[in-house]
Every structure is written in C-alpha cells, then in structure tokens.
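Chemist: predicted model and sequence follow; I will ask about them next.
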Amino acid sequence: MAELSLSRESGGFVQARRHTGNTLTEPVWVQTLLTLIVITFISLFLILPLIFIFTEAFQSGISAYFASISSPEALSSIYLTLTVLVIVVPINTAFGVLLAWTMTKYRFKGKSLIVTLADLPFSISPVIGGLIFVLLFGDHSILGRWLLSQNIQLVFNTTGIVIATLFVTYPFVARELIPLMENQGSLEEEASLILGAGTLRTFFKITLPNIKWGLLYGVILCSARSIGDFGAVSVISGHIVGQTNTMPLQVEAFYDGYQMTAAFALSSLMSVVAIVSLILKSYFDWKNTRPA
Amino acid sequence: MSIELKNISKSYGPYQILKNIDLTIKTGELVALLGPSGSGKTSLLRVLAGLEYADEGTILFHGENLTDAPIKKRKAGFVFQHYALFNTMTIRENIAYGLKAKPRRDRPSKKEIQEKVDQLLHLVRLEPYGDRYPSQLSGGQRQRVALARALAIEPHILLLDEPFGALDAKVRKELRLWLRRLHQQVKMTSLLVTHDQEEAFEVADRVVIINKGRIEQVGTPTEVYENPANSFVYDFIGNVNQVRGTISDGLFTTGAFRIPVDTAGQADGIAFIRPDEFTIQATNEQAADRTLSATVTHIHPSGSVIRLELERQDENQNLEVEVTKREFDKLSLSKNQHVFLEAKKVKVFTVN
C-alpha cells in the first residue's frame, strides 16, 4: 500500500515536470530566430525612422532647427493644433465618461448596437469622416446651404477642424472606460446611494476615483490622436497656410515646398509628443491594472 | 420601525419575479427570507431598499407609505454579499462616508464623526484596522466593516443580502452567532436574505420561505421545521426521505407500508420522513403496516450521529436514516443486514 502511493506520487511529479517543459516546445534556435525577426522589424519600422527624423531635423544645425519651428507658418500650425486640442479633449473626455456611464450602469434595448456604433471612427477612414462633414456643412447639402445663408461657416476654418477632430477622437475615452466600469459593476455606487449620498457625490467620490487611471489613459490616447490626425482634418481644413494648417498638415506643406529641415523639425516636435504620451500611457496602464 | 409589505409584485420583462407578496415585520424583529436562488428574495430586499421599484403594491415603514420614496428617505442600512466597500478609501473613511454625506444641517462635526467611527470600529472589533484599505482585510473582516458602515447612519431598518454567502464555513458560523448577539444589543428591525436554511434558523426570530416569487410559509424556526406547510418547504429546509405512493380511501400505501391520511378520494402522494424520525428494529415486532423493510447498504460512522444508507426490499428506493451513536452500538448493525424501519413521524402530501 505504501509502495503504491509512493509510486503514484513520483509519477505525478514527473508529469508535472514534463508539463512545464511542454509549454514551450520550440527548439532554442527557433525562439532566437523569432525574437530576432521581431526586433529587426521594430528597429526598421519604428526606431530607424525616429532616429532619421531627428538627424534630418538637426542636419543644418540647432539654430536652423529653432528658426524653422519658429517660422510664422510653423508657429501658426502649432497654435492651431493646441487650440483644437484644448477644445476637443475636454469635450470628448466628458462625452466619453457620459457614454461609458450610460452603457454600463443602465439597462436598455439596443445598447450593444450603440456600443458598436461608438467604435465607428476606428473602422472608417478618417478621410471619409472629414468628407462627410464637408458634404454636410458645405453648399452641397440643404443643411449646408441654410447654414451659409445664416452666415454660419463650418468648413475650411477652425470650427470645421474641431468638428472633424471631435469625430475622429471621441471613442478613445469611452473605449478605455467601458470594460473597466463593466468589470467594476454598480455595487459601490449603490452602497453610496443607500448611505444617503446624492448622484453627484457618488460620481465624484466613488466612480471617478475608481476609473481615474483608465480615464487618464483614454485622455492621453485622445490627445495624441487629436494632435496627429491627418485625414479628416486634411479634407475639411482647405489647407490655408498660416490659417487652417494644423501641425501634420504643415509638415506636408513644408515637404511639398522642399523645406526638408522645417518638415523634419516639426515632425520631431510631434514625435516628442508621441513618445511622451506613450510613456504616460504605459504608466497609467500600469497604475490601472495594479490592484488598489 | 415596523415594515409592512402589501401585495408587492414585480416583473422583469416576461418574468414575474415577485407575486403578490404580503409580509409584516415587527419592530426590532430579525426576519430571514429563505429561498433557493432565483426565488426573488434578493429582488424583494432591493425593492425595500429603493434600489428597485415594485410594479404593484405598497410598502409601509412604520405606517408611512414609502412605496415610491427615493433611496435616501428610507433610511435603510444595506449589507451586500460581496461587501461593496469603497476600495479607494480606508476603513475609517468607509465607515464615515454616510455621515459625511449628510446635508450640512444634519451633519455631525468632525470630532463627532471621529468618535462615532471609533465606537463602530469597537462594535465590530476592528479597532486596529481603521487605517487599512479594504483589500488588506479578510472576507469576514470586510463584511464587518460593511456592517459598521451601514450602522453608522443609524438606519431605521437593516437589510442584509446573503451577508455571509462569500465566506468560508467556519467564518460564516462565527459571524452568524456574532450577528445574533449584535441584533440582541441594537434591536434593529432587520431582514436577512439567505439560501442557507441552517443560517436562517439559527439567526432569525421568524423565517419566511419564498419560492418562485411567492411566500410559501412564514413562522418561527421551530414552527417551520416541525410543521412544513407544503412539500416544497419540507424538501427545502432539510434532508428528507421522499417515499412515493398512492392515496386511496384515506390510506397512503407504498409497498407493504400504509398509514391513514386526511385526504379523501384517489391521488398520488409523497410521504416525507426525516432521517432521524425512524426507529430501527432487527425484527418486525410492531404493526407491519407502519414499517418499511430494508437492507443496510452503507454506514457513515462519523461524529455523534451515524448516517445509514438503506435500500428498501419491496421497492427499488434508497433511504437515509440517522441514529445516535448509542443506539447504533446497541443494535450492532452491519452492512447488508436486513432491518425494519418504523416511521415515527410521517407527513403525506398529494402530488398535483
């Protein structure tokens, strides 16, 4: 009897060892090869271009770099991009929270359809997003002609760019929050209401602290996209240099005018923003997934 | 504060989850709502708290109609199965939350809040843990915090939704006794939802058995255990043998076993006999028609009560019988032995 149980035990031990050995069956050379392919790909397509942007930007020296990013066209595009950013991000943050709240705390028919539709800007080409608004608000449509007759101009100006950017960036916050809030459920909110707190207090004291890091993560993604979007903005802006050119549009304008240093200098500025937001994003993500 | 529910009904789409519930809970009473999962007991509790609204019916708190009143007005303390503590706050902040949320004119001063929190921490025996976060406590400790938090606002009634359901057996038993004692101390009108009959019987003054949105029986634990109102209650509140048979001319018959019943006419019936309501005899001395002849198939010799599994000889059915250790030793029973089971107490219900 004792012998039997012993042999079963040792059998189990061998099995356990073989099982852990089995999780990675590929020979070492295959593992090395696959890792090398990944590293090569990332270097070629991400790191090399990034280095190239900065070398090109600083090729004619530091003073040329600063001269080109402080040219009136460049400054105007930076100003416009920041203007759009400070309008779009707060609106879409508020709307994203509202959308996520509605989708996760209430029950109603057609909810999954709305969640699917909310992702539309991700699946549709931004160019088409921009085009929709040009057609809708330009003199091609009844609405557009009426708006123009009222002297309301919604395309080829900052308003148009804001609208197009709102469209392209609205899902980012909600997309971060919906799975998070779904996972958390409404128990804490219910507890708060029963303890006599009002809706506002419940939101600011209970809901917001719980979704804080996910929200910041969404805001960062939304900001990065708002700064960098080209397609929708390109269609709706009308490319008026010094007036309706955002940073990405101005990069293209510089490039088309063979002003390479200026193009790369402005690109380098946007790259810095992208890298900083990536770092922030990873930090918030780490904070978010860490248990409280 | 007494609670009166009159004719409460509620549906989710086509599913009616509460059907004409009438129930009165007296001031200071602890009542357990006992039912299987999906019976509507939690929905009833949520309707009382104001987290959901009934489609029909009236809710009176001490005579005041609060059927459509918002959550705040009901002044109910609620304890959730999964604690629902505020994870971003310390234990002290959790307990103080309801006090800080009061409108300015009713809000106690900072010092008063501190004192109240100290008192409550003492009451739930968690004084050293005030500055920790919920995730640093065990399940039983968290549920005690949840209770302290609910009591902080001095609620008029206390609603507990399967409060010990997520805890392991030992902690559950401890907290049960503790809740009983706490209730004797504070004497707050309380309603406890549970699917565990042992818990309901041990803690509550009265038990309400609920099934498929309907109340099946209301009574003290003894009343319900001694006199189950129908076959559902009999089956639900404890381990019981169910023997199928036929009723004819005032006699329930199964195999050679027959006993008189009140039911007239012809019907199928089920006799309910609890495992401890048999007397085991080696020979059939008593009237043969009150006994079932059976063979011992299994003996579970654990603890002060010995559980026996037997198979009836006249029909293919297994029976479970419990005897005391003393009785078992006296009979010196063994496996495969043939015995006679005399039923001391039998309750027969007709099958619809």
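Modeler: Yes, it's here.

Chemist: tell me which element A:Ile39 is part of?
Modeler: helix A:28-42 (DSSP states H and E).

Chemist: chain center to that helix, what's the gap?
Modeler: Put simply, helix A:28-42 sits 29 Å off its chain's centre (CA atoms, centre = their mean, to the nearest Å).

Chemist: in whichever helix or strand comes after that helix, what counts as buried?
Modeler: Following helix A:28-42 in sequence order, the next helix or strand is helix A:48-57 (DSSP H and E). Using 16 or more other CB atoms under 10 Å in any protein chain shown as the test for burial, helix A:48-57 gives A:Ile53, A:Phe54, A:Glu56, A:Ala57. To be clear about C-beta, it is placed using only N, CA and C from the backbone, and glycine gets the same treatment.

Chemist: show me what the longest helix seen in chain A is packed up against.
Modeler: Scanning chain A for the helix with the most residues, using DSSP state H, yields helix A:72-105. Helix A:72-105 sits against helix A:62-69, helix A:111-118, helix A:158-169, helix A:171-184, helix A:208-228, helix A:247-256, helix A:260-289, with contacts defined as 3 or more CB pairs under 8 Å, 6 or more residues apart in numbering or on different chains; DSSP states H and E.

Chemist: between the fourth one and helix A:208-228, how many degrees?
Modeler: When axes from the mean of the first three to the mean of the last three CA atoms, to 10 degrees is applied, the directions of helix A:171-184 and helix A:208-228 differ by 160 degrees.

Chemist: the helix or strand that helix A:171-184 is followed by vs helix A:171-184, what angle?
Modeler: Sequence-wise, the next helix or strand downstream of helix A:171-184 (DSSP H and E) is helix A:187-194. Per the same axes, to 10 degrees, the angle that helix A:187-194 makes with helix A:171-184 is 80 degrees.

Chemist: the inter-axis angle of helix A:187-194 versus helix A:72-105?
Modeler: 70 degrees.

Chemist: tell me which of the helices and strands packed on helix A:72-105 lies nearest to A:Ser76.
Modeler: Across the helices and strands packed on helix A:72-105, A:Ser76 has its closest neighbour in helix A:247-256 (7.9 Å, CB to CB).

Chemist: show me what contacts the residue positioned nearest the centre of chain B?
Modeler: Nearest to the geometric centre of chain B sits B:Ala200, at 3.3 Å (CA atoms, centre = their mean). Taking CB atoms under 8 Å, 6 or more residues apart in numbering or on different chains, we find B:Ala200 in contact with B:Ala32, B:Leu34, B:Leu192, B:Thr194, B:Val207, B:Pro221.

Chemist: same deal with B:His156?
Modeler: Contacts of B:His156 by CB under 8 Å, 6+ apart are B:Met1, B:Phe61, B:His62, B:Arg74, B:Lys75, B:Ala76, B:Met188, B:Thr189.

Chemist: burial check on the residue in the stretch 101-250 of chain B positioned nearest to chain A, number of neighbours?
Modeler: Proximity to chain A, evaluated over the stretch 101-250 of chain B using CB to the nearest CB, is greatest for B:Ala101 at 3.9 Å. Applying other CB atoms under 10 Å in any protein chain shown, we find 19 residues neighbouring B:Ala101.

Chemist: skipping adjacent residues, who's closest to it in space?
Modeler: Closest residue to B:Ala101 apart from its sequence neighbours, by CB to CB, 6 or more residues apart in numbering or on different chains: A:Ala197 at 3.9 Å.

Chemist: was I right about the one you found contacting A:Phe204?
Modeler: No: under the criterion of CB atoms under 8 Å, A:Ala197 makes no contact with A:Phe204, lying 9.8 Å away.
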